[in-house]
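> My questions are about this predicted structure, shown below with the sequence.
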There are 2 protein chains.
Amino acid sequence: MGEEFNRRKFVKAAAAAAGSALLAGCGSGGSGGGGGAPGVITGKKYEWNMVTTWPPHFPVIGEAADKLAQWVDQMSGGRLKIKVYGGGELVPPLEAFDNVRQGTVEMGHGAAYYWAGKVPAAQFFAAVPFGMNAQGMNAWLYGGGGLELWQEVYGQFGLVPMPAGNSGVQMGGWFNKEINSAQDLKGLKMRIPGLGGKVIAKAGGAAILSPGSEIYTNLERGVIDATEWIGPHHDLLMGFHKIAKYYYTPGWHEPGTVIEMFINKAKWESLEPDLQEIVRAAAYRSNLWMLSQFEALNNDALQKLIGEHKVQLRRFPDDVLATLRKYTDEVLQELIEKDATSKKVYEHFDAFRKKVGAWANHSEAAYHSLVAPSK
Amino acid sequence: MGEEFNRRKFVKAAAAAAGSALLAGCGSGGSGGGGGAPGVITGKKYEWNMVTTWPPHFPVIGEAADKLAQWVDQMSGGRLKIKVYGGGELVPPLEAFDNVRQGTVEMGHGAAYYWAGKVPAAQFFAAVPFGMNAQGMNAWLYGGGGLELWQEVYGQFGLVPMPAGNSGVQMGGWFNKEINSAQDLKGLKMRIPGLGGKVIAKAGGAAILSPGSEIYTNLERGVIDATEWIGPHHDLLMGFHKIAKYYYTPGWHEPGTVIEMFINKAKWESLEPDLQEIVRAAAYRSNLWMLSQFEALNNDALQKLIGEHKVQLRRFPDDVLATLRKYTDEVLQELIEKDATSKKVYEHFDAFRKKVGAWANHSEAAYHSLVAPSK
């Protein structure tokens, strides 16, 4: 709070030192002058680029990146302009991290699990199977010390991270056969990245990686038997209902995926404090805006999938979920045994998850059982 | 992070800029000039007051109001200063609405159900028994057209409303006896305001209104048999565990109370567009910050209440909840029959609630049952 005061005080002092005659001559120095006088903003202007891991203007997620740039522009009176690039437009999607790290680009927009190869601990700041939902992740990041840990982890790469969105609970995915027992996972070729993929592999399946653009064809041709994607709104746009019969819930592997923004640290530190606060606020706004869009849009798409397209909605049987959970614990154990940073972050994450889960049991979970649609 | 560094750098840069201004005469008006030139902000300055319905610096909720003012100050480079007053410091808490409406004060901070006497429909923008949780309310407001409706309703009073926080699911309250059946509600004297109070009255109880400061004494002296307040963090601070034996869950009456900010419309329209965007973003940030604090703090307090203070945690029996729900429907029906605006808002609210609830059934509710602590 005192910071801003100091700055204004200094500007005033500097203006005095510069000579009132000179400033009065320029006409730009007066403060609080005419009744309706518009704010005149001068000073250094920044033109930044933001590379994303999404197709250009990707629904909801890419739109949030566009909006974030627009809000920063408006709030800063045009002093900080951010040009948003879809994945591949300026650099390939999965090279965003390195480009921002090296400072060839100022900002990036993605999800932290994309960088698991370089920073295994990053995964805890995106999505953990059987981990926390959006509300829990936000509580951990903003209220539980999670963001400070994330800053520490990305700081080693010269990056400043911020939460900038959330998908909410995702769907479990599309399958060309029913999953009636853990046995049905054996031999299953599923497109599923990250920790979830490792879990499927442990369950005897094969985790196949394929870019979004190739999933449909791979599923149609039987290269894969199943795929996860996001949730009803995005899945409907992908048209998976035309080629897979069963749509499974819940998204055990991604219960509340955090969408991130990351900024080159030296560039970040070159911004004036007011611009830094503007970027921080835009990221918060984007976070809440994105989740609210997902929540507002998903049911319409789900009803369309079920009603018009006759998709068979299924819930994974309890024993399948128990098996997936058991393997998740093993995958996480192996990760933290190999990597000290992952151990540190996971232990912090897990302690918070237990706390927020114990409270949710009497609040959010109790609420949902209270208002559950009767059927 | 880095703020201290930035400030020092700024001071250095400002000194350099002041020097070159002397030399160049009009050097301060250039845009994108010198490498490290600071942003110099001129133009009209505003000094606004914000009256709140909370005690000064009230934990979490009042703190969020303080932070909101601080963020706006920082983002605007001191152009918009907001002085926050606790309830009663400038005007009595429940006169905030009228004072902002009349323009004697620029902004207010409260919860929309406080204004039910003047604007019955306002209640739908705060909390509805068996209504929506925080995530649902945000989705409705930001993604489902709810905020536009709220603007319409408050617009008739010359006010511009914004969501600025959320309590999350509240607790059901403190009782000096067990509630084992709907019969136990008959004759119950409970401190519970708003729609929840009307429901308790229908169930045969007496809804007593008393200001926060008097609840403890009233409960201790038997003037009331029960009270609701907020959730574990605030309830522990109030010390209710010293005088009431049973702590009930869930908060059926307030499943995700929206904390609001409202601004005098003429004052709002006098702000430059960049300042308007700054205020909007600060409100979003405050909304997410507040809920995250609640979620991060509540479990520690709950465990302390149970572990150290031996509070008896109870869940309302299903038939009690069913009774409360039945009376809630009657209360809402009576409200919308009497007031056309309430009808319009409720129908919109209810349609969205059904949609978001149907999706939650496969996402949030499924998630909670997936990760529920085994016991």
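All right, it came through fine.

> Look up the closest residue to the residue in the stretch 51-200 of chain A positioned nearest to chain B, ignoring the ones flanking it.
Nearest residue of the stretch 51-200 of chain A to chain B, counting by Cβ to the nearest Cβ: A:Gly143, 3.1 Å away. All C-beta atoms are positioned from the backbone trio N, CA, C, and that covers glycine. Closest residue to A:Gly143 apart from its sequence neighbours, by Cβ to Cβ, 6 or more residues apart in numbering or on different chains: B:Ala296 at 3.1 Å.

> That neighbour in helix, strand or coil?
helix (DSSP: H, G, I helix; E, B strand; the rest coil).

> Need the residue closest to the centroid of chain A.
A:Ile259 (0.8 Å; Cα atoms, centre = their mean).

> Tell me the spacing between that residue and A:Gly88.
In this view, A:Ile259 and A:Gly88 are 18 Å apart by Cβ to Cβ, to the nearest Å.

> same check, this time on A:Gly173
From A:Gly173 to A:Gly88 the distance is 25 Å (Cβ to Cβ).

> Those two: which is more packed in?
Remark: of A:Gly173 and A:Gly88, A:Gly173 carries more neighbours, 25 against 16, as counted by other Cβ atoms under 10 Å in any protein chain shown.

> for the residue nearest to that one when sequence neighbours are not counted, what are its contacts?
Closest residue in space to A:Gly173, ignoring its immediate chain neighbours: A:Glu228 at 3.6 Å, by Cβ to Cβ, 6+ apart. Counting by Cβ atoms under 8 Å, 6 or more residues apart in numbering or on different chains, A:Glu228 touches A:Gln170, A:Met171, A:Gly172, A:Gly173, A:Trp174, A:Met190, A:Arg191, A:Ile192, A:Gly196, A:Gly251, A:His253, A:Glu254.

> Please name the bridge partners of A:Glu260.
When bridges are called by DSSP bridges, A:Glu260 pairs up with A:Gly110, A:Pro163.

> and the closest residue to the residue nearest to the centre of chain A other than its chain neighbours, what element?
Once flanking residues are discounted, A:Ile259 sits nearest to A:Gly165: 3.2 Å by Cβ to Cβ, 6+ apart. Element membership for A:Gly165 (DSSP states H and E) is strand A:159-166.

> you'd agree A:Ile306 is up against A:Leu313?
Yes - the criterion here is Cβ atoms under 8 Å, and A:Ile306 meets it with A:Leu313 at 5.9 Å.

> Kindly report the residues of the stretch 51-200 of chain A close to chain B.
For the stretch 51-200 of chain A, the residues in contact with chain B (Cβ under 8 Å from any Cβ of the partner chain) are A:71, A:74-77, A:79, A:130, A:133-136, A:138-144, A:151, A:155, A:160, A:168-169, A:171.

> Confirm A:Met190 sits in a strand?
Yes - under three-state DSSP, A:Met190 falls within a strand.

> Could you report the neighbour count for it?
Applying other Cβ under 10 Å, I find that A:Met190 has 23 neighbouring residues.

> how close does it get to A:Asn176?
From A:Met190 to A:Asn176 the distance is 10 Å (Cβ to Cβ).

> Same question for A:Arg325.
24 Å.

> What of A:Phe262?
Taking Cβ to Cβ, one finds A:Phe262 at 37 Å from A:Asn176.

> quick one, which of the two is more surrounded?
Ranked by neighbour count (other Cβ under 10 Å), A:Phe262 and A:Asn176 place A:Phe262 first, with 25 against 16.

> Contact partners for the more buried one?
Contacts of A:Phe262 (Cβ under 8 Å, 6+ apart): A:Phe97, A:Val100, A:Met107, A:Gly108, A:His109, A:Gly110, A:Tyr154, A:Leu159, A:Val160, A:Pro161, A:Met162.

> Could you name the helices and strands sitting against the helix or strand where the fourth one lies?
By that I understand A:Gly108. Following DSSP H and E, the helix or strand that holds A:Gly108 is strand A:107-110. In terms of contacts (3 or more Cβ pairs under 8 Å, 6 or more residues apart in numbering or on different chains; DSSP states H and E), strand A:107-110 is packed against strand A:46-52, helix A:96-102, strand A:258-264.

> Highest mean neighbour count out of the ones you listed?
Highest mean neighbour count among these (mean count of other Cβ atoms under 10 Å in any protein chain shown): strand A:258-264, with a mean of 25.

> Please work out the average pLDDT along that strand.
In this model, strand A:258-264 has a mean pLDDT of 98.

> right, and the helix or strand after that strand?
Following strand A:258-264 in sequence, per DSSP H and E, is helix A:265-270.

> Low-confidence ranges, chain A, go.
A:1-42, A:373-375 (pLDDT under 70).

> any residue of stretch A:229-238 up close to chain B?
Yes - residues of stretch A:229-238 contacting chain B under Cβ under 8 Å from any Cβ: A:Gly231, A:Pro232.

> Show me what counts as buried in that stretch.
For stretch A:229-238, the neighbour count (16 or more other Cβ atoms under 10 Å in any protein chain shown) marks A:Trp229, A:Ile230, A:Gly231, A:Pro232, A:His233, A:His234, A:Asp235, A:Leu236, A:Met238 as buried.

> just those now: which is nearest A:Tyr346?
A:Tyr346 has its nearest neighbour among the buried residues of stretch A:229-238 in A:Ile230, at 24.7 Å by Cβ to Cβ.

> close enough to count as contact, that closest one and A:Gln170?
Yes - under the contact definition of Cβ under 8 Å, A:Ile230 touches A:Gln170, with a separation of 5.7 Å.

> Tell me where the stretch 1-150 of chain A has helices.
For the stretch 1-150 of chain A, the helices defined by DSSP state H, counting those that start in this stretch cover A:2-18, A:20-26, A:61-75, A:96-102, A:134-138, A:146-155.

> For chain B, give me its nearest residue in the stretch 251-375 of chain A.
A:Ala296 (3.1 Å).

> Just give me the neighbour total for that residue.
For A:Ala296, using other Cβ under 10 Å, the count is 25.

> ok, now A:Ser181?
12.

> what does A:Val345 give?
A:Val345 has 23 nearby residues by other Cβ under 10 Å.

> On the three-state scheme, it is what?
helix.

> which strands and helices sit next to the strand or helix carrying A:Leu195?
Assigning secondary structure by DSSP H and E places A:Leu195 in helix A:194-202. Applying 3+ Cβ pairs under 8 Å, 6+ apart, one finds that helix A:194-202 contacts strand A:206-208, helix A:318-338.

> Would you indicate which residues of whichever helix or strand comes after the first one are buried?
In other words, strand A:206-208. The helix or strand immediately downstream of strand A:206-208 is helix A:212-220, counting by DSSP H and E. By 16+ other Cβ under 10 Å, the buried positions in helix A:212-220 come out as A:Gly212, A:Ile215, A:Tyr216, A:Asn218, A:Leu219.

> Where does the residue nearest to the fourth one when sequence neighbours are not counted sit: helix, strand or coil?
Distances taken as Cβ to Cβ, 6+ apart place A:Ile224 nearest to A:Asn218, at 4.8 Å, with adjacent residues excluded. Under the three-state scheme (three-state DSSP), A:Ile224 adopts coil.

> Perfect, I'm done here.
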